[in-house]
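*Asks:* Model the structure of this input:
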Amino acid sequence: MEWRAPIDMKVHPDGSIYVAEWGLDFQGTGSRITRIRYQLQGQDPICVITPSKNAGVLPLDVTFSAAGSTDYLGGSVTMRWDFNLDGIPDAEGLTVQRTFNTPGIQIVKLTVTDKSGRSSGCTASVVAGNDPAKITLDIPVPGSIFNWGDTIPYRARVDDLEDGSTA
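*Replies:* Numbers count the residues shown, from 1 in each chain. A predicted model of the protein is given here:
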């Protein structure tokens, strides 16, 4: 494991250690909270959800992939998807497709289980009913020189399917 400038650490009552990492630069690129925990036997599988879209107009068709999910020992895993968070799987498989017809933030849960019965879960959210705005910035070339008091030319343009444009 490679650390990304750790800046703080706390021990949780369950024995896990949480490490706050600053990241790779002053913008916080790669910053994260890392959990370290001891497993007496085996490791829980890794759970990863990748949606094909994070937002869009209704009806919103999204394909969810669990391709990043894996078993530490390379064994087989099963993927169960819960779209209404009732604890009952609505679908199984590496990829699933879902059409959202209700506006709002929709949360999807994936549970990954290995052949020994160990499991882990993760969630992803998509915003149904609102297409993301497209933002365009016209700015000076990076590294340009200016003096204090100079006017720096820039222009921002926002195009939003639902709310219109700033142009």
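
*Asks:* Spatially central residue in this structure, please.
*Replies:* Relative to the mean C-alpha position of the chain, the nearest C-alpha, by C-alpha atoms, centre = their mean, is the one of Ala124, at 6.5 Å.

*Asks:* For it, give its distance to Asn54.
*Replies:* Separation of Ala124 from Asn54 (C-beta to C-beta, to the nearest Å): 9 Å. All C-beta spots, glycine's among them, are computed from the backbone N, C-alpha and C.

*Asks:* for the helix or strand containing Ala20, packing partners?
*Replies:* Assigned by DSSP states H and E, Ala20 falls within strand 17-21. Judged by 3 or more C-beta pairs under 8 Å, 6 or more residues apart in numbering; DSSP states H and E, strand 17-21 is in contact with strand 6-11, strand 32-36.

*Asks:* in its sheet, what does that strand sit against?
*Replies:* Sheet partners assigned to strand 17-21 using DSSP bridges are listed as strand 6-11 (antiparallel), strand 32-36 (antiparallel).

*Asks:* Got the domain ranges for this structure?
*Replies:* 6-36, 50-128, 134-165 (automatic domain parsing).

*Asks:* The residue of the chain positioned farthest from its centre and Val48: what is the separation?
*Replies:* In the chain, the residue that sits farthest from the middle, by C-alpha atoms, centre = their mean, is Gly149; the gap is 40.9 Å. Shown here: Gly149 relative to Val48, a distance of 50 Å by C-beta to C-beta.
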